[in-house]
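# Everything below, folded, please.
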Amino acid sequence: MAGRIEDYALIGDMQTAALVCRDGTVDWLCLPRFDSHAVFAGLLGTEEHGFWRLGPAHAADAKPPTAARRSYRGDSLILESEWDTPRGTVRVTDFMPPRDGAPQLIRIVEGVTGRVPMRSALRMRFSYGRVVPWVHKHEGRTVAVAGPDSVWFDTEAETYGKALTTYADFTVAPGDRIAFTISWQPSHKEPPPLPEPEASLEATEDFWREWVEHCTYHGPYREAVIRSLITLKALTYAPTGGIVAAPTTSLPEDIGGVRNWDYRYTWLRDAAITLSSLLRTGYREEARAWREWLLRAVAGDPENLQIMYGLAGERELGEAELDWLPGYENSAPVRVGNGAAHQLQLDVYGEVTEALHLAHMTGLARHDYASLLQLKLIRYLEDHWQEPDEGIWEVRGPRRHFVHSKVMAWVAVDRTIKLIESGDADGPLERWKELRDDIHRDVCEKGYDKERNTFTQSYGSQELDASLLLIPQMGFLPPDDKRVIGTIEAIQRELSTSDGFILRYPTEGEHAGVDGLPGDEGAFLACSFWMADDLAMIGRVDEARKLFEKLLALRNDLGLLAEEWDPRLQRQVGNFPQAFSHVPLIDTALRLTASGAYGG
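Numbering: from 1, shown residues only. Take a look at the predicted model:
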C-alpha cells in the first residue's frame, strides 16, 4: 500500500517529477513528461503497478523501514534520507538533474556509520502499470523496453532478476558511495549516454543555488516562501514555460470516493496566479516564458479560450478511466486526461488579464500580441459575461451565474481599461467603462443577499462560496465595505471546519451537491490562505497571522502541501504537491510581512 500523501517527497527536473516515500520507494514517475504514462504507478495501485525501493534490507514479510530523518539539501530539490539501523546509519540522496537530453532519476547510497546491508528493488511497468517490459542486458547495461519507451538502469552494484523485478543486494560502510540511475529514451534510438552521478549532483545543486539567489523576499517566512517557490519552479515544464497544477493524477479529495482528477496540465487560472507570485518575488524570466506559452497556446482561437491546455499548448485532453488501477486507498476511478478542459469558466478571462496586467506593471517588456490578446478577450466578454458558466471549481452539475465568475469578468475589463489609459493599447475606452459599471452593478444587485449581508455563490442562491473572499483582493470592493466584511464573517460561520480551515462550498455527502458529485471533501487550502489575506486586509491582523501559521503547520516535514486538508482524518488529500496551495502561501506571507503582522 502506498504511503500517506504527506509521506512523499518531490524531486524533479522541470520536465517531469517523481514522488519518493519515507521508506525510500519511488511510487510515482511519468516519463518523459509530467503528462506521460507512468512507469511507476504504485501510488495508485500496488507494487504490481511499478515501484523502485532503495533502502536498508529487510525480511520479505516485514514492512520496509522508514527513514529516521529526511530533508532537502539546502534550498534545492535534492532529497537526503537517512536510516538508523542496528548495524549502522546510511544515507540515500535522490534527485533529477535539470536536463537537455534524456531524463534521469539518480539515487546515491552513502555509508555513514557501521556496515549496512542494502537492497534496491526495481519493478518497471509501462502504461500506468499495465505493461510488463522486456528487460535484458545490452553491453553491460540493463534496459527495459515496451513499445515506444525504453528505460536504462545503470549501477556498479551487481544486479539480478527475480519475479519480474531487478534487484541489487549490497553493503555500504563509511565513505562508500554507490550510485543507481534510470534514464528514459525512445526505444528506437541509440542508448542514452552513461550517467555521471557525482557530476550531475554538483550541477543540480549549483542550479538550485543560483536560481534561489534571484528571490527578492527576505521576510520572516522566507523558509516557507523559498520552499514554495522551488516547488512552483519544479512544476514548470521548462521547454515551453507551461506550469502544471500538480505532478499527479487521481489522488483523492475524498479518500475512498470519486473526486479524483488529473492535474498534470496547465490550467490558465493556476498558471496565472503562479506567475503573479513569481513576479512578486523577483522571477521575471519565468513570467516571460509563461507569457510566451500563453500566446502560443491561444493563438488562432483566442475567443474560445480553454481553461486548460497541455504542456505545449495541446487542446485535446480527453478524459479516460484506468480500470486496472484500484486507485489510491481504493479511491476509484483513476482518471487520465480532463474533461473539464472545454468547460466555460468566465473567471479565467479575469485571471489571465490580471496576470498580463501585473507583468506589464512590473516592467516585463511589452509584447504587442499580448496587448492584442487582452483586447480580444474583452470583446468576447462583452458578448458573453451575462451567460451562466461552470465556475472556478469546475462543477459538473448545471451551469450557474457564479458571482466569482462575474467579479473576474469585471477584473478583466478593469485591467484592460488601465492598459488603454496607460497608452499601451487602443480600444473603446468609454464603452468599456460602461461595461465595467454594468458588471459591477449586476453583481451587487443579483449576487448579494441584503438580509444576511453577504454575497452568495451564484445569483439567487443561499449558499456561500470561498471564492467570494477574492472580492477585496481583486479590488472589486474596498476591504472596509460592509458587504465585504459581512461576506468574510458569513464564510467564517458557514464554511469553517472545526479547526478553523475553510471549505470551498457546501457538499452533500451521499447526495450530489452543487458540483454534481456525491461525497464530501476536505478544507481547500487556498481558500484558507485567502481567508488569512482578507482578515489582514480588514485589520484583524493577529487573527490572520494565527490562521496563516496554523496553515504552515499542515505542511509535511519537507514543506509541501496537497490541495486539501481532511479535518476528520487529520491528513492531506488531493493531488500533491499542489501549485494552487503554494501560490497563496507565498501571497499571504508577502501581505503579512508588509503589514508587520508576524510573530517574533
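# Not counting its neighbours along the chain, what's nearest residue 20?
Leaving aside its chain neighbours, residue 20 sits nearest to residue 9 (4.7 Å; criterion: Cβ to Cβ, 6 or more residues apart in numbering). Every residue, glycine included, has its C-beta placed from N, CA and C.
# Pull the number of nearby residues for the one you found.
Applying other Cβ atoms under 10 Å, we find 24 other residues in the vicinity of residue 9.
# what do you get for the one 4 residues further on?
Around residue 13 sit 21 other residues, with neighbours defined as other Cβ under 10 Å.
# So which residues of the stretch 351-500 of the chain form strands?
448-449, 454-455 (DSSP state E, counting those that start in this stretch).
# I meant the stretch 501-600 of the chain, not that one.
523-524, 564-566, 571-573.
# Sheet partners, orientation included, of the last one?
Here strand 571-573 is paired, per DSSP bridges, with strand 564-566 (antiparallel).
# one step back: for residue 26, see how far away the residue nearest to residue 20 is.
Look at residue 9 and residue 26: by Cβ to Cβ, to the nearest Å, they are 10 Å apart.
# next one: residue 67
Separation of residue 67 from residue 26 (Cβ to Cβ): 14 Å.
# again with residue 371
Using Cβ to Cβ, we find residue 371 at a distance of 45 Å from residue 26.
# now residue 452
Counting by Cβ to Cβ - residue 452 and residue 26 are separated by 50 Å.
# Note down every partner strand of the helix or strand where residue 171 lies and its orientation.
Per DSSP states H and E: residue 171 is located in strand 165-172. In the sheet, strand 165-172 lines up against strand 116-123 (antiparallel), strand 159-162 (antiparallel) (DSSP bridges).
# Show me what counts as buried in stretch 559-579.
Neighbour counts using 16 or more other Cβ atoms under 10 Å place 559-567, 571-579 of stretch 559-579 among the buried residues.
# circling back to that earlier point, please dump the strands of the stretch 501-600 of the chain into JSON lines; it should also carry distance to residue 92 and mean pLDDT for every row.
Shown next, in JSON lines, are the strands of the stretch 501-600 of the chain (distance: least, Cβ to Cβ, whole Å; pLDDT from 0 to 100):
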{"stretch": "strand 523-524", "distance to residue 92": "34", "mean pLDDT": "92"}
{"stretch": "strand 564-566", "distance to residue 92": "29", "mean pLDDT": "95"}
{"stretch": "strand 571-573", "distance to residue 92": "23", "mean pLDDT": "97"}
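# In TSV, list those along with distance to residue 257.
Listed next are the strands of the stretch 501-600 of the chain as TSV, based on distance: least, Cβ to Cβ, whole Å:
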stretch	distance to residue 257
strand 523-524	15
strand 564-566	11
strand 571-573	10
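# of all those, which lies closest to residue 458?
Across the strands of the stretch 501-600 of the chain, residue 458 has its closest neighbour in strand 523-524 (17.7 Å, Cβ to Cβ).
# contacting residues for the nearest residue to residue 558 once chain neighbours are set aside?
Distances taken as Cβ to Cβ, 6+ apart place residue 9 nearest to residue 558, at 5.4 Å, with adjacent residues excluded. Counting by Cβ atoms under 8 Å, 6 or more residues apart in numbering, residue 9 touches 19-21, 70, 72, 79, 81, 94, 558, 560.
# Inside strands: which ones of those residues?
By the criterion of DSSP state E, membership of the contacts of residue 9 in strands covers 19-20, 70, 72, 79, 81, 94.
# Considering those residues, which is situated nearest to residue 49?
Nearest to residue 49 among the ones in strands among the contacts of residue 9, with distances taken as Cβ to Cβ, is residue 19, at 13.7 Å.
# Check the burial of the closest one by counting its neighbours.
The number of residues packed near residue 19 is 27, by other Cβ under 10 Å.
# What of residue 477?
Using other Cβ under 10 Å: residue 477 sits among 18 other residues.
# Now for it: which residues touch it?
Neighbouring residues of residue 477 by Cβ under 8 Å, 6+ apart: 471, 483-484.
# Export the strands paired with strand 165-172 to JSON lines and append columns for distance to residue 417, mean pLDDT and mean neighbour count.
Listed next are the strands paired with strand 165-172 as JSON lines, based on distance: least, Cβ to Cβ, whole Å; pLDDT from 0 to 100; neighbours: other Cβ atoms under 10 Å:
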{"stretch": "strand 116-123", "distance to residue 417": "58", "mean pLDDT": "98", "mean neighbour count": "22"}
{"stretch": "strand 159-162", "distance to residue 417": "65", "mean pLDDT": "96", "mean neighbour count": "12"}
